[in-house]
Every structure is written in structure tokens, then in C-alpha cells.
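Visitor: how would this look folded up:
(2 chains)
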Amino acid sequence: MSAEGGGALALSPAPSGRVAKPRGTSRADGSARARRLGLRTVALGYLALLLLAPVAMIFYRTFEHGLSPVWNAITAPNAQSAFWLSIEIVAIAVPLNTVFGIGIALLMERGRFRGKALLGMLIDLPFAISPVVIGLSLVLAYGKTGWLGDWLAERGIQVIFSVPGMVIATAIVSLPFVARETMPVLRELGTDAEQAASTLGASGWQTFWRITLPGIRWGVVYGVVLTTARALGEFGAVSIVSGRIEGETQTLPLYVQARFENFDVTGAYTAAVVLAILAFATLIAMNLLTRHTRGKTAEVAA
Amino acid sequence: MAIEVQNVSKHFGTFTALDDVSIGVSDGALTALLGPSGSGKSTLLRIIAGLETPDTGEVVIDGEHVTERPARTRGVGFVFQHYAPFKHMTVHNNVAFGLSVRKRPKPEIDARVKELLGLVRLDGLAERYPSQLSGGQLQRMALARALAVQPNVLLLDEPFGALDAQVRGELREWLRRLHDEIHVTTIFVTHDQEEAMEVAEQIVVMNAGKIEQAGTPRELYETPANEFVMSFIGPVNRIGNAFVRPHDVQLLAENDGSATEALIKRVVHLGFEVRVELTLPDGRDIWAQVTRAEAEERELSEGQILAVRLPRPRVFSAQAA
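Guide: I've put the predicted structure just below:
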């Protein structure tokens, strides 16, 4: 585009820069390379020690005695029920948080209202408060003695020690991700394209579906992946709210803990491996999705 | 009148963007809103489009009061300063957007898009994405997108601001011709007086939220209403309270007694035009604009002393606030 603008300048500093380099560079290069290598080793070593080694150990221990104990552990009825319960909770909590997260992000970035700073703080609250505290407060609010629980119990709805409470607990602890990942993308997107759509006759709804959402989709996807990972792994809040009834209100992380305490090492390791695989699958799915768009490189027109 | 703005005021916090502004634009005209940054010209344009709401005042388009109407029902085409492309859509889908939200049949949309891409000379680029276009191409895509819905009014915010000089020149010329072809009432915002003079049939000069003067380029140049318009449109020398255009400064061969003497400080050759910088006896600096031929014939050079006459000095009475 700007070929006329930049093409004629012959005073580029590049050649002189190359000439000025020679003496002493090999030693400087060498030490720089050593430093880079050192940094890389430290970073990778840290990750290996903290993350890879323990996870690898679990995989190793799980498959130590072959596949048949693993198969037995997976097909155990309580393991099956825990797996499907976890999936069910994620399948409800993640879409809920996606919709609300996008809504909150829109409100924070596009809305003008009093108490915006307060809302911003509230979004982050689940990050700041320990999940155990969240679980306890839910029990207080929705439990038999809680004021909301009373009202709900009269109508035959049990929240605590059942799926609704676990979904609420999971939704709360994973609430901030979609909103926090979407907000900066929304800010960067700006309002020009949305305003252009409105001058072209698009309604607010059409503008959202056709302009805003496609513009923020990678922020949303990233938020959804983080939400899913967090929801799958949630232990503290769900542990308190669920009552941990085997085969009924036991999610996968709770199941792992219960098996471990009952000295059923294979059962615990196997369920842990299943959890890890689910998490990896989520991350890989995100990677594939983002790579798909990054791959669409833009060549500049002549 | 295709567009009428009546007594519009707009404040952002304590800042007054527009202060009781009224303008009228006749049907099919090509009008420039000209002013320095912060003069309120973009705000005025956005109020006409419905992207901002005025605190007080009315906007009338084709005889209809549209002040309370949202942008999407005003029938206005708007081209944004940075083009506001829909980055995730191809050029074709960008241009088709307005028609597709109106749920027009696909063959009709395709035909219209093809026609428009031809009009803005982007044929063959329909399947590209905005990131693959140059600034000038994006500009023309944005224009085609705005024209697709056959607006009554076309509004352009600093349409050439973000382009390099050569492309800017070409696009100006082209916009002018396009307007002759399609004759839609057009208002564009610019801070560049040369651009306004070259493209517009009518110019509205704005400053500090008010209209200083409205008229044809020639009217504004020849009979500026006040100091601001005089010094904003075209080059000017200020001598006390008087203003003289540099091309009106006469360099005389001989002093007949009625002229002042001046010392040539510098002679700058700008191609056809030559800029002669002079110092008057009282120490004031002015400059004269002469042709290359005149400068050569007179052998103007630094250090020379000349007789200078300053005809038609313009004096503006104290401005009414």
C-alpha cells in the first residue's frame, strides 16, 4: 500500500549495522546463548518438577499392573456415576457462565451505569474467596436452616446435598473466567464496527450475533476452556455442598479423594487419570481452535 | 433542504462540543464540515447520523424530524474515519451486510454488491478479507458498504485522514466524480482546508463548537466573515489588525513613494510557486507568494531590498462573541 512512501529511501541503517558488528561478537554471542539456554533449562526444569513429574507418576502408577485393574476401576458403578455427574455439572454450569460472562463483559465494557467499579470487584470475588467458604455460605443460604432453603424445601426443591447446589457451587467458583477473558477483547474490538452495523440498519440483536460475537469469539472460547477446566476440577465448594454421598452426589474429584482415603489406590489413580485426560482434551481443543484462525495469515494486497 | 440541523447543543461533561449550531444542506449537495480538532465537527456529523444524541435541538432529514430515531432507521450511510471494517467478513459480505440484515433475496444482494464493487473499483477483491486490503481499498469498501442500502444521506468522518498523500489526492478526485455520478446528499468532515476547497461545493467552517461561516469555497476565500475564517482558509499575513493574502503582496520594481521597503530574508522555491520571506522596516515578518517566472525575471535573492505594496488589507471589527 505505502510502496510510494517507503520505497525511495536508500539511507537505511541496515548495511552499516551489519558492518559494525564483527569484533568480539562471537564471545558475546556465546554468552548470550548460554544465558538463554540456562533460562530455558530453569523454566523447563521448574515446570517438570512441579507439574510434569507428578502427573507422569500418576499415569505410571495407574498402568503399573496392566490394563485390567484400570478397566475394573473405570467400570465400577460409583466411578461411572461420578464421571457422569461431573459431566452433567459441567454441561449445565459452563453454558450458564458463558452466557452470563458475555453479558457481564458487555455491561462492563459497553454500559454506562453507577456501581460499575463495584460490579468489577464482585466478578473477581470468586477468585479471592476460598471455595470452602463459598461452599459453606451456600449451605447457610440454601440448607435446611437457611432462609432460602426453607422456602425452596416447601416447594419440594432440594438444593444442598443434591445436583442444583453442586451446579451453583461450580458456577460460582468458575464465574470470572469468561467475563475476564472477554472484557479486554471487547475493549480492543471497539465500538466502530458495531456503530457501522447500526447505521446499516442492523438491530441490537443482529449487531450482537453478526458483529460483536464473531469479534470476541476467541476471548470467549478461551474463557470457556478455563471455565470447563476449573468446573471439572472443583473440589472445595462442591465437597461441602454435595454431602459426598457415594454413587449419588460424588463428582470425579470427590471420588478420587474418597478412593484414596479408603486405600483403593488403583481406583483413585484411575479416576485422576480420567480427570487429567479430560483437562488435556479441553486444552488441546482450544489449541486446535485458535491455531485454525491464526493459520489464516493475511497477505497484504499490492 | 435535505438536512437541517436546528439549534443543536451537545456537552460532554463540562466540555461544550456544540453550542447552538444550525446548518442547512440542500438536496444532492456535497458539503464539508471544516475546522480544527475539537471544533465539534465530528460530533455534529455523529448527531446527524444518530450515533450521538444532542442535548437540545433538532435534526431534520428530508423534512422528517429524526432526532429521536435510532441510527438504523435514519437511512444514513456513514463512513468511519478508520473505516470500521467487519474484520471477520469478506469484502463481499461487508458490502452485503446492510442488505442481508434487511433479508433481501440472495441473487439481488449478489447483483447489487457486484455493481457497487465495480463502482468503487474493487472488482475481483470480493473474496478478500479486510486485513488483506490497503488503506485506500478499505476506504472504498467502507464507502460501497454505506452506499449498498441506498441512503438518503452519505456522511464521511475524516474520509482521507488516514491515507498517505498520493492516495489521498486520488481518492478526493474520485469522491468528487462519484458524487457527480450518484448525487446523494453528502457531508464530510475534514480539518484540511485544501481538501475542503478542492472537494466540496459548500463549506461550513466550525470553531470551538460554533459555526464561523458557511458558503462556497470562493465566498469563504474572498469574503471571509471574520479573522478565524480568513486565517483558517488559505495562507495569510497578519500586519497589526490587518490581514493580507501572500499572493496579494506586490513586489514593485521601483518605489514611487507610496510603498514600504522590505528586506528579502529568504527565497524558497516550491516548484511553480516561490515563497519570498520579507522583513518590513518595523521588524515585522511577512511573506509573498510569486510565480517562478516572476521570481526569475526579478532575480529575487536573499539580502535584496525591495519596494512592497500591501493592497486590499482586510480589517475585521472586534468579533461579536
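Visitor: going forward, measure contacts and count neighbours with C-alpha atoms only.
Guide: Noted.
Visitor: give me the contact list for stretch B:252-264.
Guide: B:276-281, B:301-309 (Cα atoms under 8 Å, 6 or more residues apart in numbering or on different chains).
Visitor: spell out which residues of the stretch 151-300 of chain B are next to chain A.
Guide: residue B:164 (Cα under 8 Å from any Cα of the partner chain).
Visitor: ranges for the strands of the stretch 151-300 of chain B?
Guide: Using DSSP state E, counting those that start in this stretch, the strands of the stretch 151-300 of chain B run over residues B:153-157, B:185-190, B:202-207, B:210-215, B:237-239, B:242-244, B:250-252, B:260-270, B:273-279, B:285-291.
Visitor: quick one: terminal-to-terminal distance for stretch B:227-246?
Guide: Using Cα to Cα, to the nearest Å, the end-to-end distance of stretch B:227-246 comes to 16 Å.
Visitor: give the buried residues for it.
Guide: Neighbour counts over stretch B:227-246 (16 or more other Cα atoms under 10 Å in any protein chain shown) mark B:227-233, B:236-238, B:243-246 as buried.
Visitor: in helices, which of the residues you listed appear?
Guide: B:227-232 (DSSP state H).
Visitor: which residues of the stretch 51-200 of chain A lie near chain B?
Guide: Residues of the stretch 51-200 of chain A lying near chain B (Cα under 8 Å from any Cα): A:192-193, A:195-200.
Visitor: let's see 6 Å
Guide: Selection of the stretch 51-200 of chain A residues close to chain B by Cα under 6 Å from any Cα of the partner chain yields A:192-193, A:198-200.
Visitor: restricted to helices, list these.
Guide: A:192-193, A:198-199.
Visitor: buried subset of these?
Guide: Buried among those (16+ other Cα under 10 Å): A:192-193, A:198-199.
Visitor: could I get these as CSV with pLDDT and distance to residue B:285?
Guide: Formatted as CSV, these follow (pLDDT from 0 to 100; distance: Cα to Cα, whole Å):
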residue, pLDDT, distance to residue B:285
A:192, 93, 46
A:193, 95, 49
A:198, 94, 52
A:199, 94, 50
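Visitor: what helices and strands are in contact with the lengthiest helix in chain A?
Guide: When chain A is parsed with DSSP H, its longest helix is helix A:77-110. The contact analysis (3 or more Cα pairs under 6 Å, 6 or more residues apart in numbering or on different chains; DSSP states H and E) places helix A:77-110 against helix A:163-173, helix A:176-189.
Visitor: of these, which approaches residue A:29 most closely?
Guide: helix A:176-189 (38.4 Å; Cα to Cα).
Visitor: give me the below-cutoff pLDDT ranges for the chain.
Guide: I'll assume chain A. Flagging of chain A using pLDDT under 70 yields the residue ranges A:1-28, A:292-302.
Visitor: actually, chain B is the one I wanted.
Guide: Ranges of chain B meeting pLDDT under 70: B:1, B:318-321.
Visitor: so it: which segments form each domain?
Guide: B:3-229, B:238-309 (automatic domain parsing).
Visitor: deepest in the core, which of these is it.
Guide: Highest mean neighbour count among those (mean count of other Cα atoms under 10 Å in any protein chain shown): domain B:3-229, with a mean of 19.
Visitor: end-to-end on that one?
Guide: Termini of domain B:3-229 sit 23 Å apart (Cα to Cα).
Visitor: need the ones in helices among the residues of the stretch 51-200 of chain A next to chain B in CSV (columns: distance to residue B:314).
Guide: Shown next, in CSV, are those (distance: Cα to Cα, whole Å):
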residue, distance to residue B:314
A:192, 44
A:193, 47
A:198, 47
A:199, 44
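Visitor: and the residue of the stretch 1-150 of chain B found nearest chain A, how far from residue A:207?
Guide: Minimum separation of the stretch 1-150 of chain B from chain A (Cα to the nearest Cα) falls at residue B:72, amounting to 4.1 Å. According to Cα to Cα, residue B:72 and residue A:207 sit 11 Å apart.
Visitor: elements contacting the longest helix seen in chain B?
Guide: Counting residues, the longest helix found in chain B (DSSP H) is helix B:165-182. Contact analysis of helix B:165-182 by 3+ Cα pairs under 6 Å, 6+ apart lists no helix or strand as a packing neighbour.
Visitor: what angle separates it from strand B:153-157?
Guide: With axes from the mean of the first three to the mean of the last three Cα atoms, to 10 degrees applied, the angle from helix B:165-182 to strand B:153-157 works out at 170 degrees.
Visitor: contacts for helix B:165-182, please.
Guide: B:160, B:199 (Cα atoms under 6 Å, 6 or more residues apart in numbering or on different chains).
Visitor: what is the orientation angle of that helix with strand B:185-190?
Guide: Using the same axes, to 10 degrees: helix B:165-182 against strand B:185-190 is 160 degrees.
Visitor: surely residue A:149 is in contact with residue A:138?
Guide: No. With contact defined as Cα atoms under 6 Å, residue A:149 and residue A:138 do not form a contacting pair (9.6 Å).
Visitor: more neighbours: these two, which one.
Guide: residue A:138 (24 against 21; other Cα atoms under 10 Å in any protein chain shown).
Visitor: the residue of the stretch 151-300 of chain A found nearest chain B: neighbour count?
Guide: Nearest to chain B in the stretch 151-300 of chain A, going by Cα to the nearest Cα, is residue A:201, at a distance of 4.1 Å. Applying other Cα under 10 Å, we find 26 residues neighbouring residue A:201.
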